[in-house]
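Trainee: Can you look at this prediction? I've put the sequence above it.
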Amino acid sequence: MSKHHTILLLYSIVLAVILGAATGWYMGEKALMFSWMGTIFLNSLKMVVVPLIVAAIISGVASLGDVRKLGRPGTITFIYYISTTILAVTVGMVLAEFILPGNNYNLSLNSSIINDPSSSKGLSDVLLSFISPNIIASAANLEVLPLIVFSIIFGSALTVTGEKGRIVTNFFEGLNSVMMVIVGWIMYLSPFGIFALVATPIAEAGGGAAVLETFTAVGSYLMTVLGGLLIHSIALFTILVILGGRGKKYLCDVMPALITALSTSSSSATVPLSIECATGHGLMKSPVRLMIPLGSTINMNGTAVYQGVAVIFLAQVYGVNLIYSDYVLVAITAAMAAIGSAGIPQGGHIMTLMLFSFVGIPAEGFGLLLGVDWFLDRARTTINVWGDLVGAAVLDRFMKI
């Protein structure tokens, strides 16, 4: 896609967001007539996710030339993921303790409704999800994490297979190029799909009056999460400038991907456009193909901010006294839980309930958050994608040194 078309597409997407919000706000449930456009657009993106992720990672890893060279970029990627995710959940918890959004509630703690830890995913479940016994079934169910692990292993094997491996590598490089062309075609439909995806949840909520009523009820919590996401996005931009050597131009170039993330509320569905925006900016293909698909499942900065705020908010609501070790446990567990959060709308709910169980918060408390979660899910997905794009720029910088 040319630079002129990219800029025109960006303006069209911004206009679609504004028109979609206005349509859902004023038309209410009548705006649901447009929902089919959003479904087609989202399904089109999901259609290319599996072949694109597999082709991008395999060709990206294979392009390193030797599996032993994966050590340095792999280490940088791991350190970036863990450090930014722990930073994100810390930002959320500190801000929640400062604003105290749950102090206006006085709900009693009922031991009969405490979240049962046995019903939530544990660390062993997260680790087991890395490997699938049936990779075809994982692809069919859009289980991205085991596909990523398989693709990394497959790409690594190609680097030590010699000339025969080179033939297979060429195939996946060609497949990746073809998929990017298809992504470009799909993006021409994005203004129509994004218009519907913005209008639909507002319409489902009952229109503008109903949305305002819901937001007012949990306004302090809503603003705390949004404040944490804003602070962390600024922190990520600072990391980008210091370590990635890039600034506002990069942010402008990847804006179509960020707006798409805001509209679709799916990190996985945004992968194709994120790869196109990052490579279009001039980043090397290998760090982009490694960082962005992997980050769509593992690097959940926005989700970590939200989880940090949610835990502290509900602890304040139910009067649960947290000690220092609880904060450390939540920070570390949230970082690990982000790995197991699916890159789809509301993909982090199961992991959030797991965090509640660790500090004794009732599972029913999650109901307080659901009224505005459709909106916050879009905001935190945008930060998830922004974190992946920043990571790609940072890895690109280190690989060029």
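Mentor: Ah, there it is.
Trainee: residues contacting Phe171?
Mentor: Taking Cβ atoms under 8 Å, 6 or more residues apart in numbering, we find Phe171 in contact with no residue. All C-beta atoms are positioned from the backbone trio N, CA, C, and that covers glycine.
Trainee: Number the chain from 56, please
Mentor: Sure thing, new numbering starts at 56, so read that last one as Phe226.
Trainee: can you tell me the helix or strand for it?
Mentor: Using DSSP states H and E, Phe226 sits within helix 218-242.
Trainee: Sort out which residues of that helix are buried, please.
Mentor: Val223, Thr224, Phe227, Glu228, Leu230, Asn231, Met234, Met235, Val238, Gly239, Ile241, Met242 (16 or more other Cβ atoms under 10 Å).
Trainee: Local confidence estimate at the last one?
Mentor: Put plainly, it is Met242. As predicted, Met242 sits at a pLDDT of 75.
Trainee: Sketch out the low-pLDDT regions of the stretch 206-355 of the chain for me.
Mentor: 260, 265-266, 268-269, 272 (pLDDT under 70).
Trainee: Tell me if I'm right that Asn439 and Ile353 touch.
Mentor: No. Asn439 is not in contact with Ile353 according to Cβ atoms under 8 Å; the separation is 10.2 Å.
Trainee: Comparing these two, which residue is more hemmed in?
Mentor: Using other Cβ atoms under 10 Å, the more surrounded residue of Asn439 and Ile353 is Asn439, with 31 against 23.
Trainee: ok, that one - contacts?
Mentor: Asn439 touches Ala316, Ser322, Gly350, Ser351, Asn354, Met355, Asn356, Gly357, Thr358, Gly398, counting by Cβ under 8 Å, 6+ apart.
Trainee: which is the next helix or strand following the helix or strand where the fourth one lies?
Mentor: Taking DSSP H and E as the criterion, the element that holds Ser351 is helix 340-353. For helix 340-353, the succeeding helix or strand toward the C-terminus, using DSSP H and E, is helix 356-373.
Trainee: re earlier: what angle separates the helix holding Ser351 from helix 356-373?
Mentor: Interaxial angle, helix 340-353 versus helix 356-373 (axes from the mean of the first three to the mean of the last three Cα atoms, to 10 degrees): 20 degrees.
Trainee: show me the contacts for Ser256.
Mentor: Wrong residue type there; residue 256 is Pro, not Ser. Gly79, Trp429, Phe430.
Trainee: Could you check how many residues crowd around the last one?
Mentor: The number of residues packed around Phe430, counting by other Cβ under 10 Å, is 19.
Trainee: any idea how far Asp443 is from it?
Mentor: 21 Å (Cβ to Cβ, to the nearest Å).
Trainee: for the first one, same thing?
Mentor: For Gly79, the distance to Asp443 equals 28 Å [Cβ to Cβ].
Trainee: for the second one, same thing?
Mentor: Here Trp429 is placed at a distance of 22 Å from Asp443 (Cβ to Cβ).
Trainee: Please apply the same query to Gly357.
Mentor: 11 Å.
Trainee: swap in Glu84?
Mentor: Glu84 is 35 Å from Asp443, by Cβ to Cβ.
Trainee: can you check Thr315 too?
Mentor: 13 Å.
Trainee: Ile257 too?
Mentor: Distance, Ile257 to Asp443, using Cβ to Cβ: 27 Å.
Trainee: got it, and Phe247?
Mentor: Note on Phe247: its distance to Asp443, by Cβ to Cβ, is 26 Å.
Trainee: same question, Ala312
Mentor: According to Cβ to Cβ, Ala312 stands 9 Å off from Asp443.
Trainee: A helix includes Thr132, no?
Mentor: Yes. Counting by DSSP: H, G, I helix; E, B strand; the rest coil, Thr132 is located in a helix.
Trainee: Spit out the contact partners of it.
Mentor: Per Cβ under 8 Å, 6+ apart, neighbours of Thr132: Leu345, Met346, Leu349, Gly446, Leu450.
Trainee: Please identify the helix or strand for the residue lying closest to the first one once chain neighbours are set aside.
Mentor: Among residues not flanking Leu345 along the chain, Gly115 sits closest, at 4.8 Å (Cβ to Cβ, 6 or more residues apart in numbering). Secondary structure from DSSP H and E places Gly115 in helix 90-117.
Trainee: May I see the buried residues of that helix?
Mentor: Neighbour-count burial for helix 90-117 [16+ other Cβ under 10 Å]: 90, 92-93, 96-97, 99-101, 103-117.
Trainee: least confident pick among the contacts of Pro256?
Mentor: Within those, pLDDT is lowest for Trp429, at 74.
Trainee: so it is in which element?
Mentor: Here Trp429 is assigned to helix 428-455, by DSSP H and E.
Trainee: Give me the buried stretch members for that helix, please.
Mentor: Residues of helix 428-455 classed as buried by neighbour count (16+ other Cβ under 10 Å): 428-454.
Trainee: Regarding stretch 304-314, how distant is the last residue from the first?
Mentor: End-to-end distance of stretch 304-314: 16 Å, with Cα to Cα, to the nearest Å as the criterion.
Trainee: next one: it to chain centre, how far?
Mentor: In terms of Cα atoms, centre = their mean, to the nearest Å, the centre of stretch 304-314 is found 15 Å from the chain centre.
Trainee: Okay, the closest residue to Trp80 other than its chain neighbours and Asn231: tell me how far apart.
Mentor: Distance criterion Cβ to Cβ, 6+ apart; nearest residue to Trp80, sequence neighbours excluded, is Gly263 at 3.9 Å. Distance from Gly263 to Asn231, counting by Cβ to Cβ: 43 Å.
Trainee: Right, I'll leave it there.
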